[in-house]
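A.B. asks: Structural data only, the sequence is not supplied:
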């Protein structure tokens, strides 16, 4: 498949350890600066589509802000699924309890998939992304 | 728990990365016994795949969230006094930074340390 690099953002726009979401040709992408190296991944979490740029980047590991699933930004590999949340000790009202039970039942079947990565290159201070 | 397609070796590597950041400032390091370390990290990945949380592989889950959260690896802050006394954590994944040979460490039950 032929390459198609698109100019995304200037390197000045992301500090080391930072992330920035962009949309290129209809693709939602997050550009990550991991210690001066730039990686591009799909913006949507492989678990439940949360925007990953709102998560946390630590080295090459990105944690989703929604359920804390983790991914390796160098290859998009899913490293862990969602972390179970604590709803506390109080018994919720029946309607809410039923709702949470249904959500929990559905979530058991949601699989955490690895995410897509994109090749990046630097040219004249710009990060370019191959969207093919 | 939600299903996930986790590669055990990749997850072990990332757990090692995150745990090292936590235990270092607490005065601990990973055990020098690499076979033991690999075995324990693998068990944690399996537990995490099942429960969503990397619990300590050598402690039983009690189905009591407050107690179970005290055995989430690295559980050093919750059992600090005991671990400082025995110079390692219960399963031996972490040892005090000044320990070279973890096999020579004494085993003391929590009651003897008088804090648990």
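C.D. replies: Received it, and whenever you're ready, just let me know what you need. Predicted model, so just to flag it, every value in this text is computed and none were measured.
A.B. asks: what ranges do the helices span in chain A?
C.D. replies: A:94-107 (DSSP state H).
A.B. asks: Just want the most central residue of it.
C.D. replies: For chain A, the residue sitting closest to the mean C-alpha position, by C-alpha atoms, centre = their mean, is residue A:52 at 3.0 Å.
A.B. asks: Run through the residues that contact that residue.
C.D. replies: With contact set as C-beta atoms under 8 Å, 6 or more residues apart in numbering or on different chains, residue A:52 has these partners: A:19, A:30, A:41, A:42, A:43, A:44, A:45, A:62, A:64, A:65, A:71, A:115. To be clear about C-beta, it is placed using only N, CA and C from the backbone, and glycine gets the same treatment.
A.B. asks: For the residues you listed, pick the one with the most neighbours.
C.D. replies: When neighbours are counted as other C-beta atoms under 10 Å in any protein chain shown, the busiest of the contacts of residue A:52 turns out to be residue A:71, with 29 neighbours.
A.B. asks: Per-residue pLDDT of it, please?
C.D. replies: If you check residue A:71, the pLDDT there is 98.
A.B. asks: hang on, the earlier thing: mind checking which of the contacts of residue A:52 are in strands?
C.D. replies: A:19, A:30, A:41, A:42, A:62, A:71 (DSSP state E).
A.B. asks: which ones are touching residue A:19?
C.D. replies: With C-beta under 8 Å, 6+ apart as the criterion, the residues that contact residue A:19 are A:30, A:31, A:32, A:33, A:52, A:53, A:55, A:57, A:62.
A.B. asks: Quick check, residue A:39 in contact with residue A:29.
C.D. replies: No - Residue A:39 is not in contact with residue A:29 according to C-beta atoms under 8 Å; the separation is 10.3 Å.
A.B. asks: burial count for the closest residue to chain B within chain A?
C.D. replies: Using C-beta to the nearest C-beta, the point where chain A gets nearest to chain B is residue A:81, with a distance of 3.5 Å. Counted with other C-beta under 10 Å, the burial measure for residue A:81 works out to 25 neighbours.
A.B. asks: related to what we said a few turns ago, so can I have TSV of the ones in strands among the contacts of residue A:52 showing distance to residue A:4?
C.D. replies: What follows is these, written out as TSV (distance: C-beta to C-beta, whole Å):
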residue	distance to residue A:4
A:19	23
A:30	19
A:41	17
A:42	16
A:62	25
A:71	24
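A.B. asks: the strands in chain A, which residues?
C.D. replies: Applying DSSP E to chain A gives strands spanning A:5-10, A:19-24, A:27-34, A:37-42, A:56-58, A:61-63, A:70-72, A:78-80, A:117-118, A:120-123, A:126-130.
A.B. asks: For residue B:39, which of these is the nearest?
C.D. replies: Using C-beta to C-beta as the criterion, the shortest distance between residue B:39 and those is 19.2 Å, found for strand A:78-80.
A.B. asks: All good on my end, thank you.
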